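**Student:** quick one, fold the following:
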Amino acid sequence: MHDVDGVGYACKIDGRMDREPNTKILDDELKGSLNYYSQDPFSIIFQQYNDPIHKSKVATTWLKDQGFKVLSWPAQSPDLNPIENLWDSPQEKID
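**Tutor:** Got it, this is the predicted structure:
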């Protein structure tokens with residue numbers, strides 16, 4: 001069992017992001033991260049950015065069908081999103 005303190009899997013997105021790639025990422029990366037940390041959807045509360053893609057019927061249904069509890073979050077609020085604090089690190093390495 002791995003320590004649960006971590007950010008989970010990341011993935012590179014090429015091209016346009018819409019409902020189908022979003023649910024594929026959830027299926028591959030989110031479920032892969034949970035597997036890596038020996039967690040199941042019922043043991044976590046999932047937080048996302050609330051982009052319209054995240055709130056689509058396809059994504060909402062997928063999360064519900066998989067048993068995820070989703071944290072209520074103001075729509076597109078980068079000031080409240082902890083992932084925004086991580087973007088500086090990769091950018092510093094590129095510059």
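**Student:** neighbours around the closest residue to residue 70 other than its chain neighbours, how many?
**Tutor:** Using C-beta to C-beta, 6 or more residues apart in numbering and skipping the chain neighbours, the partner closest in space to residue 70 is residue 46 (5.1 Å). In this view, the C-beta of every residue, glycine as well, is placed from N, C-alpha and C. Using other C-beta atoms under 10 Å, residue 46 has 15 neighbouring residues.
**Student:** surely residue 46 meets residue 34?
**Tutor:** No: using C-beta atoms under 8 Å, residue 46 is not in contact with residue 34, being 9.7 Å away.
**Student:** about what we covered before: distance of the residue nearest to residue 70 relative to residue 28?
**Tutor:** Residue 46 sits 15 Å away from residue 28, taking C-beta to C-beta, to the nearest Å as the criterion.
**Student:** next one: residue 9
**Tutor:** 8 Å.
**Student:** break down this structure into its helices, ranges please.
**Tutor:** Assigned by DSSP state H, the helices in the chain fall at 19-25, 31-36, 57-65, 88-94.
**Student:** and the spatially most central residue of the chain, what does it touch?
**Tutor:** Closest to where the C-alpha atoms of the chain average out (C-alpha atoms, centre = their mean) is residue 48, at 5.6 Å. Contacts for residue 48 (C-beta atoms under 8 Å, 6 or more residues apart in numbering) come out as 54, 70, 71, 73.
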